[in-house]
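In: Here is my input, please return the structure:
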Amino acid sequence: MVLSNPLMIWIVIGIVLMLAEIVLPGGIVILLGAACLVVAGALAVGWVEGLVQAFTLWFIASMVLLLGFRHVTQKLVGGDSHIDNTDEEMDLYNQTAIVKTVIGPAQIRGRVEFQGSEWPALGDGSEIPVGATVRVICRENIALVVEPISE
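Out: Numbers count the residues shown, from 1 in each chain. Have a look, this model is predicted:
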């Protein structure tokens, strides 16, 4: 059979990996496939013999190609990249929520509906009734710290 030849196995794996870049964009898989083709070339010339040497060359070629050409493939292939706020606390601050269960008095937890789900909430020490609109100040562990919005 053709795939019993190590040279053909490396060529087939290399081509499959390079074609997989269509499904898995990002520029990494194509370089891994190119490293397989480097191993196939080394096997064909006779520089590499045996499985251990082939895998060692594949690993080294993969690292060299990834370190040397990742920026090139990233420009050509693109991929998903966006810049978001890394501080989640800033995304929460000054947002509004609706009280679902009474919050307070003192440090008694209640629940609020915020961004489509219910969260445990702590108030400012006063009692905040059900249905009141509150402003999110911050988050303390998994609870939101809120204050009532004065009408």
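In: For the biggest strand by length in the chain, which helices and strands make contact with it?
Out: Across the chain, the longest stretch assigned as strand under DSSP state E is strand 133-140. Applying 3 or more C-beta pairs under 8 Å, 6 or more residues apart in numbering; DSSP states H and E, we find strand 133-140 packed against helix 88-92, strand 96-101, strand 143-148. Using the backbone N, CA and C atoms, a C-beta is placed for each residue, glycine as well.
In: Go through those and name the closest to residue 56.
Out: Nearest of the helices and strands packed on strand 133-140 to residue 56, taken as C-beta to C-beta: helix 88-92 at 44.0 Å.
In: if we can go back for a sec, please spell out which residues along the longest strand of the chain are buried.
Out: 134, 136, 137, 139 (16 or more other C-beta atoms under 10 Å).
In: Mind putting the helices and strands packed on strand 133-140 into CSV with mean pLDDT, distance to residue 11 and mean neighbour count?
Out: Formatted as CSV, the helices and strands packed on strand 133-140 follow (pLDDT from 0 to 100; distance: least, C-beta to C-beta, whole Å; neighbours: other C-beta atoms under 10 Å):
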stretch, mean pLDDT, distance to residue 11, mean neighbour count
helix 88-92, 66, 48, 12
strand 96-101, 88, 59, 17
strand 143-148, 86, 57, 19
